[in-house]
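1. when you get a sec, could you give me coordinates for this:
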Amino acid sequence: MWSLVRRAGFVMALALPCSLSALQSAHAALGGAPMTPPTDASVSSRTVQPGTSSATAAQSVMRSASSAASSSSATASYTVRETTLGNGTVVREYLAADGSVFGIAWRGPQMPDLNDLLGSYFPQYVAGVKAVRAARGGARGPVAVDQSSLVVRSGGHMGAFNGQAWLPPALPAGVSGSDIQ
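-> Next up, the predicted model:
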């Protein structure tokens, strides 16, 4: 009887953190629509013109998503939407003129759910990670998956994670993978 009670307590102890992490989860999908931010998140957007340096882009005026969407396509090649989650992790989504996400970057104390962020590209990422680790003899560490249709770079350590992911064929003219930061 006591083993059954302990097992139930163990299962509950595992289920609680999983359910809490689901509350922190931000659902976005590379190649799809931008995330719907959790209620405890803050969101800002800015438009970036092709060829604008990241330092100049960082000084851009913050605009709401609605005003960024109403900008003419001649003045804005893409929109960067930054969401700060309640746990302190920052997720930047890079949106093409049609509103689809062509790149994602993250940094913060907790690793975001890459299954959510990468969407349908997640299985391709997992296969790439397995191949990289197999080539390194199973060693763990920072991961770089560099394929013609998907690039993902992820690393960091406890309390300081970061990474970028983008779709090379979906990058707007004048944008490179180094712009996804």
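2. endpoints of stretch 37-48, how far apart?
-> Using C-alpha to C-alpha, to the nearest Å, the end-to-end distance of stretch 37-48 comes out at 22 Å.
3. my guess is Ala173 contacts Ser77, does it?
-> Yes. Using C-beta atoms under 8 Å, Ala173 is in contact with Ser77, at 7.2 Å. Where you see a C-beta, it was placed from the backbone N, CA and C, and this is true even at glycine.
4. higher neighbour count, the two?
-> Taking neighbours as other C-beta atoms under 10 Å, Ala173 and Ser77 compare with Ser77 leading, 18 against 7.
5. now do the buried residues in stretch 34-47.
-> 34-35, 37-38, 41, 45-47 (16 or more other C-beta atoms under 10 Å).
6. can you tell me the SS state at Asp116?
-> Three-state assignment for Asp116 (DSSP: H, G, I helix; E, B strand; the rest coil): helix.
7. from Ser176, how far out is it?
-> Look at Asp116 and Ser176: by C-beta to C-beta, to the nearest Å, they are 25 Å apart.
8. the two - which one has more neighbours?
-> Asp116 (17 against 9).
9. list the helices and strands the host helix or strand of Pro123 packs on?
-> For Pro123, the host element (DSSP states H and E) is helix 122-135. Using 3 or more C-beta pairs under 8 Å, 6 or more residues apart in numbering; DSSP states H and E, the elements in contact with helix 122-135 are helix 114-118, strand 143-146.
10. now stretch 147-167: buried residues?
-> Counting neighbours by 16+ other C-beta under 10 Å, the buried set in stretch 147-167 is 150-154, 161-167.
11. picking up where we left off before, so among the buried residues of stretch 34-47, where is pLDDT lowest?
-> Here the lowest pLDDT out of those sits on Arg46, with 75.
12. hmm, back to that, show me what the mean pLDDT comes to for the helix holding Pro123.
-> 93.
13. list the buried ones in that helix?
-> Per 16+ other C-beta under 10 Å, helix 122-135 contains these buried residues: 122, 125, 128-129, 132.
14. so which residues of this protein form strands?
-> Under the criterion DSSP state E, the chain contains strands at 42-48, 78-84, 90-95, 101-108, 143-146, 151-157, 160-166.
15. many thanks, have a good one.
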